[in-house]
Every structure is written in C-alpha cells, then in structure tokens.
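S.K.: my questions are about this predicted structure, shown below with the sequence.
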Amino acid sequence: MKALSEAAVRQYDTAGYLAPVPALTTAEAAVLRNKLERFEADAGVLAGKLRHKSHLLFTWLDELIRHPRILDAVEDVIGPDILCWGSSFFIKEKRNPSFVSWHQDSTYWGLDPADVVTAWVALSDSTPENGAMRVIPGSHKLDQVPHRDTFRPENLLSRGQEVMVEVDESQAQMLALKAGEMSLHHVRLIHGSDPNPSDTRRIGFAIRYIPTYVRQAAGSDDSATLVRGVDLFHHFETEQRPDADMSEAAQAYHASVTDAHAQILMRDTGRAMRA
Ligand code: NI
C-alpha cells in the first residue's frame, strides 16, 4: 500500500468512494487556483471544451495529474500501471444555478471493464453550502442503470443525463472537502450535486484514471496519458504533453483530442458538445 490503509481500500470497495483523502497541501491548492484565476482574468472563464482534458493545455495541470500523492492513492485502488483518460473542471460560480444530476459516470464513457476511479481534487473548499458532491453509498454495485438525456443548460454534464431509477436521497452522503483534499469514486457510483447559492466559488478538478488493461469499447479513436508504470496493452493513443500553457501546439492537439472524445460522449444524440 502506498497511501491508503487496507481499511480505506475495503471502504472504497464496499461503498464505492472514499473521502476526504489528503492530496495537495493548502499552499499547493492555492497556487493552482491562482494559476486558473489568473488565466481566467485574461481569457474569461474556462468553458466548453476547454473545461475538459485541460491537462493537455496547461503544464500545471499536466503536473497535477501526475502528482505523487494523488497517484499513490489511485495505485492502491487500481494497481501500478495507470493512464489518465480524462479530466474536467467542475466549477460552480457563487449564486449560480449550475448543478449535476444523479448519474453514473460509466453511462457514456465506453470504458470496459468498469475499473475507473475518479480523483476529484478540491481547489477551493467544497461544502454543503456551495454544492459539494453527494453520493449514494454502495450504488457502484449496481450494473449500468438506464439514463435519460435532458440537455438542461444548468446541468454541468455533457448530455444533462440522469438516472432513470428512483434515488433514495435519504441515503446520500455529502463529500465535503477542504481545498487540497480529494475524494475517490468508482465509475458506477451514483452521484450528483446541487447548485451553489452561497457567496463562495466552488472549484473542483476531476481526474479520471484507468488501469492500462481497460479498453475503449465505443469507438476506436481514443487517447490517454500514461502517468505511472508501463502500458503493455496500447489500447489508447499516447497523448502529447503541453510544451507551454495554452501554446499553439497544445491548443491544436487539445482540439483534436476533445473532438474525438466528444464523438464518443455525444454519440447517437446528433448534438455537439456544448460551448
Ligand atoms: Ni460524475
């Protein structure tokens, strides 16, 4: 074991999540938040495709997905050969209606088998007041549950998808995190979050990790970044690291990769990824 206790890994297996898990120091989280907000001050809030796979655009996020304290915990859950398949910012501005409906991440990702763990890294405090993530413990033991697409504009998910089964909200657990902490959750865990009526901005960066044996079953054109160990399977094209923040090369490469990703995520909808 590199970072987690055996009891913690058992808890992940039983409940489908673990939180809070120490990841960054408060100072490290503040540095990253500052880099994000300095960029936003010049270029506007990260939106549309820039929210996704942002580690291909910014060197400081390329470093974050390789952070040893994050990877040590992830390794304890999925083993030593680790690809980063995706990443997404989940930012809730203060006094904002954005929310995340109850869903399983596995619904449209096409990854097989469902050995996928998300490290949701808090770059601000994430609290009951500002829309922290809620989960249904043990729901990852369900198979894939049917979802319906709503495309509601305030929904932060690509299709506004929501589970079509009754969710017993009395069972829900709130994953409050301090800036620098993370939660880990399984790709089949039912989770969601409410809007942020508070006066504080809520910033999370969700990093999706898979063991190298996982494959993309919904399309041939997919890519990932090897962040630890060796990849003997080559199921994913190797991604290009950003040479500098938002360099022309990084932006061009990111655009091609997120286009391919959008085709997988939005398949059969006739829609493009939202801007
Ligand atoms: Ni999710």
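M.R.: Arrived safely, thanks for sending. The shown structure was predicted, so the numbers you read here are calculated from the model rather than taken from an experiment.
S.K.: going by C-alpha atoms from here, please, whenever you check contacts or count neighbours.
M.R.: Fine.
S.K.: counting neighbours, what do you get for the nearest residue to Gly229 once chain neighbours are set aside?
M.R.: Computed as CA to CA, 6 or more residues apart in numbering, the closest residue to Gly229 that is not its neighbour in sequence is Asp81, at 4.3 Å. Using other CA atoms under 10 Å, Asp81 has 17 neighbouring residues.
S.K.: pretty sure Asp81 contacts Val214?
M.R.: No: using CA atoms under 8 Å, Asp81 is not in contact with Val214, being 10.8 Å away.
S.K.: okay, and the residue nearest the centre of the chain sits in which element?
M.R.: Residue closest to the mean C-alpha point of the chain, counted by CA atoms, centre = their mean, is Ala206 at 2.7 Å. Per DSSP states H and E, Ala206 falls inside strand 202-211.
S.K.: next SSE downstream of that strand?
M.R.: Immediately after strand 202-211, counting by DSSP H and E, sits strand 215-216.
S.K.: on the three-state scheme, Ile70 is what?
M.R.: helix (DSSP: H, G, I helix; E, B strand; the rest coil).
S.K.: doesn't Val230 belong to a helix?
M.R.: No: using three-state DSSP, the assignment for Val230 is coil, not a helix.
S.K.: surely it and Asp81 touch.
M.R.: Yes: counting by CA under 8 Å, Val230 touches Asp81, with 5.5 Å between them.
S.K.: between the two, which contacts overlap?
M.R.: Thr212 (CA atoms under 8 Å, 6 or more residues apart in numbering).
S.K.: now do the end-to-end distance for stretch 88-108.
M.R.: Stretch 88-108 stretches 15 Å from its first residue to its last (CA to CA, to the nearest Å).
S.K.: in that stretch, what counts as buried?
M.R.: Residues 88-94, 96, 98-108 are the ones in stretch 88-108 that count as buried (16 or more other CA atoms under 10 Å).
S.K.: give the rounded mean pLDDT of it.
M.R.: Here stretch 88-108 scores 95 as its mean pLDDT.
S.K.: how about stretch 187-206?
M.R.: For stretch 187-206, the per-residue pLDDT averages 97.
S.K.: how about that stretch: buried residues?
M.R.: Within stretch 187-206, the residues scored as buried using 16+ other CA under 10 Å are 187-198, 200-206.
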